[in-house]
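**Q** Pasting a predicted model and its sequence here:
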Amino acid sequence: MKILMVNKFLYPNGGSETYMFKLGKYFSDNGHEVEYFGMEHPDRCVENSAGAYTENMDFHTASALSKIKMSLKTVYSKEAYNKMLLVLNSFSPEVVHLNNFNYQLTPTVIQAVRDWEKSSNNRVKIVYTAHDTQLVCPNHAMYNDNKICEACLGGKYINCLKGKCIHSSAVKSLFGTIEAYLWDKKKIYSELDTIICCSEFMKKKLDTSPILKDKTVAIHNFIQDAKIIECEKEDYVLYFGRLSEEKGIKTMLQCKDINFKVAGSGPLEEEMRNADNIELLGFKTGDELKELISKARLTVCPSILYENCPFSVIESIVYGTPVVGSRIGGIPELIDEGKTGLLFEPENTDDFKEKINIILKDKELAESMSKACLEKKFDTLEQYAEKLMNIYKQ
C-alpha cells in the first residue's frame, strides 16, 4: 500500500512526530511505500519523491512584515495546496494520513487531495489522527487563562477572539477564529474518511460536531520497547514530563510534606529548583528514564487540562509503577482505579496528598498495584499498526 504521512513538522518535535515516524518506519519495514509531506526545515529527516515541502514558518525569528504574511498563510495556504498536488502527482498514494496540519499547512491539503482525485480518477482514503481538539477548538487545547474552556464547542468560534485564546494574543486569536469559521463554512472536514481519537474522551469532544461524529473511532496510543527493567522499588514519588502550569505543577509545589523526584524541563523549572520538596533531575530519556519509572513507588500525573492519552501514564503502568492521576480528560481511561493507580480531583491538593499517601504508606497495596500494572496490556506498535491498516483498507 502507498501511504502519504502529512504533518507540519518533519523532524522530531513532539508526540505527533514520534507517532508518525514510528508508524511510517513500521509500514515501510513491512513492505509498504511511505512518503511524507510537511514544512521544509534544516532538521527534516523524512522525504517525498517530488522533493516538495512548504516554506518553514518560524514566527520567533521573522520580521514584522513576514509575520503578517505568515499569519495570512495560517488561514489559507496556496503554497501548501500546490506543493501537495506535486507530491500526489509524483507518489499517487492510496491513503493520506493527516496528523497536525492546521496553521502551518492548513486544510488546503485536504482540498488538494479531493481535487487531485477528480482530475486523476483515483480514490484516496483520508485518515486523520486527532492529537488534540483542534477541529473543534481554535487554540487546540480547550484551555485558556489557566482553566478549562469549552466556549467554542458547537461552532461558537468567536469566543476564541473574545478570550484571546491563542497565546493571549488578539491578533493570533483573530486569525485562528477566521481560520475556524472559513473551513467550517466550506465543510472541509466532511472530506475526512476516518478520525482516529486517542481516547474515548477525545471522541466525545469531537462528536459534538455533527460533521465529525460519524467519522470518529477511539484507539489508545501504542507502547513500543516495553522491556521491563528488573529492579527493587524505592520510596519516592516521580513526576516526569513538561514543567508547566497546565500540567499541574503548582499542585505538586503545594504538597510541602511530600518529596517528589522530577524529570523534565519547562517554564516552571526555576521555581521547582527552588522548592524544598522537589529534587529536580533534569530532562531524562531512554534507559535512564525507564529505570527512574521502574524504581518509583508511584508516579503522578496532576494535569489540570484535558489530557488526551498521555504516554507518561501508559509508560508508568507498563513498567510496573502505579499512577496517581487527575480525574480529567483521557487519564481515567488508562488507570484502573484501586488496581493500577488512584484518581484525584484536579487542583485539589488535599485529595492529591491523600491518594499519594495511600500508596506510599501501604506497601502491600503498592506491591499488588505494581503487579496489576505489569499484567495490564496496551497495544504494541505491531497491534496498533494492524488496527490502522484495517482502517486504511475499509
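**A** Happy to help now that I have it. Because the structure is a prediction, the values reported are computed rather than measured.
**Q** CA atoms for contacts and neighbours, from now on please.
**A** Fine.
**Q** show me where the stretch 51-200 of the chain has helices.
**A** Secondary structure of the stretch 51-200 of the chain (DSSP state H, counting those that start in this stretch): helices located at 64-73, 78-91, 108-120, 158-162, 170-185, 200-206.
**Q** These: which one's closest to residue 315?
**A** Checking the helices of the stretch 51-200 of the chain against residue 315 by C-alpha to C-alpha gives helix 200-206 as the closest, at 19.0 Å.
**Q** ok so, going back, could you save the helices of the stretch 51-200 of the chain as a markdown table and add columns showing distance to residue 223 and mean pLDDT?
**A** Below are these laid out as a markdown table (distance: least, C-alpha to C-alpha, whole Å; pLDDT from 0 to 100):
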| stretch | distance to residue 223 | mean pLDDT |
| --- | --- | --- |
| helix 64-73 | 36 | 69 |
| helix 78-91 | 30 | 97 |
| helix 108-120 | 29 | 97 |
| helix 158-162 | 35 | 95 |
| helix 170-185 | 33 | 93 |
| helix 200-206 | 18 | 96 |
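**Q** where does the closest residue to residue 227 other than its chain neighbours land on pLDDT?
**A** Leaving aside its chain neighbours, residue 227 sits nearest to residue 319 (7.9 Å; criterion: C-alpha to C-alpha, 6 or more residues apart in numbering). Residue 319 is assigned 94 on the pLDDT scale.
**Q** Also the one 10 residues further on?
**A** pLDDT, the model's per-residue confidence, is 94 for residue 329.
**Q** next one: the one 4 residues further on
**A** What the model reports for residue 333 is a pLDDT of 96.
**Q** do the same with residue 225
**A** Residue 225 is assigned 67 on the pLDDT scale.
**Q** Please apply the same query to residue 188.
**A** 97.
**Q** That one touches residue 111, doesn't it?
**A** Yes: assessed by C-alpha atoms under 8 Å, residue 188 is found in contact with residue 111 at 7.3 Å.
**Q** and residue 328, backbone torsions?
**A** The phi and psi values for residue 328, taken as degrees, to the nearest 10, are phi -160, psi 150.
**Q** so how far is residue 14 from it?
**A** Counting by C-alpha to C-alpha, to the nearest Å, the gap from residue 328 to residue 14 is 22 Å.
**Q** Put the alpha carbons of stretch 34-43 into CSV.
**A** Taking Å, rounded to 0.1, in the frame of the first residue of the first chain, the C-alpha atoms of stretch 34-43 are listed here in CSV:
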residue,chain,number,x,y,z
VAL,A,34,5.6,5.5,2.7
GLU,A,35,6.3,9.2,1.9
TYR,A,36,6.0,12.4,3.9
PHE,A,37,4.7,15.9,3.3
GLY,A,38,5.1,19.0,5.5
MET,A,39,7.3,22.0,6.1
GLU,A,40,11.0,22.2,5.0
HIS,A,41,13.4,22.6,7.9
PRO,A,42,17.2,22.1,8.4
ASP,A,43,16.4,19.1,10.6
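**Q** circling back: pick out whichever of residue 328 and residue 14 has more residues nearby.
**A** Comparing residue 328 with residue 14 by neighbour count (other C-alpha atoms under 10 Å), the higher total belongs to residue 328, at 20 against 9.
**Q** wait, the more buried one sits on residue 305?
**A** Yes: the criterion here is C-alpha under 8 Å, and residue 328 meets it with residue 305 at 7.3 Å.
**Q** any residues in contact with both of the two?
**A** Listed contacts common to residue 328 and residue 305 are nil; contacts here mean C-alpha atoms under 8 Å, 6 or more residues apart in numbering.
**Q** so where's the protein shaky on pLDDT?
**A** The chain contains residues with pLDDT under 70 at 59-68, 225-226.
**Q** Kindly recompute the last result at 80.
**A** Applying pLDDT under 80 to the chain flags the ranges 57-73, 224-229.
**Q** Which residue ranges of it form strands?
**A** Per DSSP state E, the chain carries strands over the ranges 2-6, 33-37, 95-98, 125-130, 143-144, 147-148, 194-197, 216-218, 234-240, 260-263, 278-282, 296-301, 323-326, 341-344.
**Q** how far out from the middle of the chain is the first one?
**A** Here the centre of mass of C-alpha atoms in strand 2-6, compared against the chain's by C-alpha atoms, centre = their mean, to the nearest Å, lies 19 Å away.
**Q** and it, what does it pack onto?
**A** When contacts are defined as 3 or more C-alpha pairs under 8 Å, 6 or more residues apart in numbering; DSSP states H and E, strand 2-6 packs onto strand 33-37, strand 95-98.
**Q** how about the ones you listed in CSV, adding distance to residue 358 and mean neighbour count?
**A** Compiled in CSV, the helices and strands packed on strand 2-6 are given as follows (distance: least, C-alpha to C-alpha, whole Å; neighbours: other C-alpha atoms under 10 Å):
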stretch, distance to residue 358, mean neighbour count
strand 33-37, 48, 23
strand 95-98, 43, 22
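**Q** Just put those strands in JSON lines and tack on distance to residue 8.
**A** Shown next, in JSON lines, are these (distance: least, C-alpha to C-alpha, whole Å):
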{"stretch": "strand 33-37", "distance to residue 8": "8"}
{"stretch": "strand 95-98", "distance to residue 8": "9"}
